[in-house]
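Peer 1: Sequence first, then the predicted structure, then my questions.
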Amino acid sequence: MRASEITLAVIKKFCREDYDDQDDILEDVILPTARSFVISYTGLGTDELDDHEDITIALLVLCSEMYDERRYTVDTSSLNPLAKGILDLHCKNYV
């Protein structure tokens, strides 16, 4: 699965969310925020995300953590180690 193929249903399954009352948060807030974070962190363009299938799991992990924790920090030291490892593999943004 590629990053562009992530749907609300995929996010809900990954987050183990069975109810529909949070759908708008997941689809309209969390997924775009996670995608924007990945793009900013790596320096990849939106179209380049699909070139790396492992970025899909990083996006899902970020969505899950943003949903579960309901917090967002810019402190990369607290970034999920799995997501960080995957994103670091594809990082071309060394600022």
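Peer 2: It's in. Numbers count the residues shown, from 1 in each chain.

Peer 1: Show me the residue at the heart of the chain, geometrically.
Peer 2: Nearest to the centroid of the C-alpha atoms of the chain, with distances taken as CA atoms, centre = their mean, sits residue 59, at 2.3 Å.

Peer 1: dump the residue contacts of that one.
Peer 2: Going by CB atoms under 8 Å, 6 or more residues apart in numbering, residue 59 touches 3, 6, 31, 34, 35, 38, 49. Where you see a C-beta, it was placed from the backbone N, CA and C, and this is true even at glycine.

Peer 1: Can you tell me the number of residues neighbouring the fourth one?
Peer 2: Pointing back at residue 34 there. Around residue 34 there are 25 other residues, counting by other CB atoms under 10 Å.

Peer 1: With the third one instead?
Peer 2: When counting by other CB under 10 Å, one arrives at 22 neighbours for residue 31.

Peer 1: What helix or strand is it located in?
Peer 2: Following DSSP states H and E, one finds residue 31 within helix 31-42.

Peer 1: Export the longest helix along the chain to CSV, keeping only CA atoms.
Peer 2: Secondary structure of the chain per DSSP state H: the longest helix is helix 54-69. Output of helix 54-69 as CSV, limited to C-alpha atoms (Å, rounded to 0.1, in the frame of the first residue of the first chain):
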residue,chain,number,x,y,z
ASP,A,54,7.5,1.9,4.2
ILE,A,55,6.4,5.5,4.6
THR,A,56,2.9,4.2,4.7
ILE,A,57,3.5,2.5,8.1
ALA,A,58,5.2,5.6,9.4
LEU,A,59,2.1,7.6,8.4
LEU,A,60,-0.2,5.1,10.1
VAL,A,61,1.9,5.1,13.2
LEU,A,62,1.9,8.9,13.4
CYS,A,63,-1.9,8.9,12.8
SER,A,64,-2.4,6.4,15.6
GLU,A,65,-0.2,8.3,18.1
MET,A,66,-1.8,11.6,17.2
TYR,A,67,-5.3,10.0,17.7
ASP,A,68,-4.4,8.1,20.9
GLU,A,69,-2.3,10.8,22.6
